[in-house]
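Colleague: Starting from these lines, generate the structure:
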Amino acid sequence: QVQLVESGGGSVQAGGSLTLSCITSGIKFTTHQMGWFRQAPGKGREAVAFINADGRTNYPDSVKGRFTISRDNAKTTLVLQMNSLKPDDSAVYYCAADLNWVALVTGRPGYWGQGTPVTVSS
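Modeller: Modelled structure (predicted):
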């Protein structure tokens, strides 16, 4: 059974930092492309960060320079370090995984976590 379990969400003031983690099981982590998405109330799901199996990263302009995605293959864990948080970053953050890079970055990964909420107050 595949499980992606996020943790680390919470409330923080603008300018603060949070670190999200996604512990995976049931997949061969080292061969999967991994990513983070977010969804704010009343809005569509948005890509936040991606990392391929080789460790190459990709970010949208909205978070570039503030967020850092990383993977610990030994612990089968995905991490998102979020700095300089803004109220617009408030959303539920989801971990995602797929063997196929295109499927992941186009928002159609085979596996999703249950989400962890992040609230940034001004």
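Colleague: packing partners for the helix or strand hosting R38?
Modeller: In this assignment (DSSP states H and E), R38 forms part of strand 33-39. Other helices and strands packing on strand 33-39, by 3 or more CB pairs under 8 Å, 6 or more residues apart in numbering; DSSP states H and E, are strand 18-25, strand 45-51, strand 67-72, strand 77-82, strand 91-98, helix 101-105. Every C-beta, even on glycine, is put in place using the N, C-alpha and C of the backbone.
Colleague: Show me what the fifth one pairs with in its sheet, parallel or antiparallel.
Modeller: In other words, strand 91-98. For strand 91-98, the paired strands and their directions (DSSP bridges) are strand 33-39 (antiparallel), strand 111-112 (antiparallel), strand 116-121 (antiparallel).
Colleague: Out of these, flag the one nearest T76.
Modeller: Closest of the strands paired with strand 91-98 to T76 is strand 33-39, at 10.1 Å (criterion: CB to CB).
Colleague: Pull out the buried residues from that closest one.
Modeller: Within strand 33-39, the residues that count as buried by 16 or more other CB atoms under 10 Å are Q33, M34, G35, W36, F37, R38.
Colleague: Kindly report the same for stretch 59-74.
Modeller: Buried residues in stretch 59-74 (16+ other CB under 10 Å): Y59, V63, F67, T68, I69, R71.
Colleague: Report the distance from the strand holding R38 to the chain centre.
Modeller: Centre-to-centre, strand 33-39 and its host chain are 4 Å apart (CA atoms, centre = their mean, to the nearest Å).
Colleague: what about it, average pLDDT?
Modeller: In this model, strand 33-39 carries a mean pLDDT of 98.
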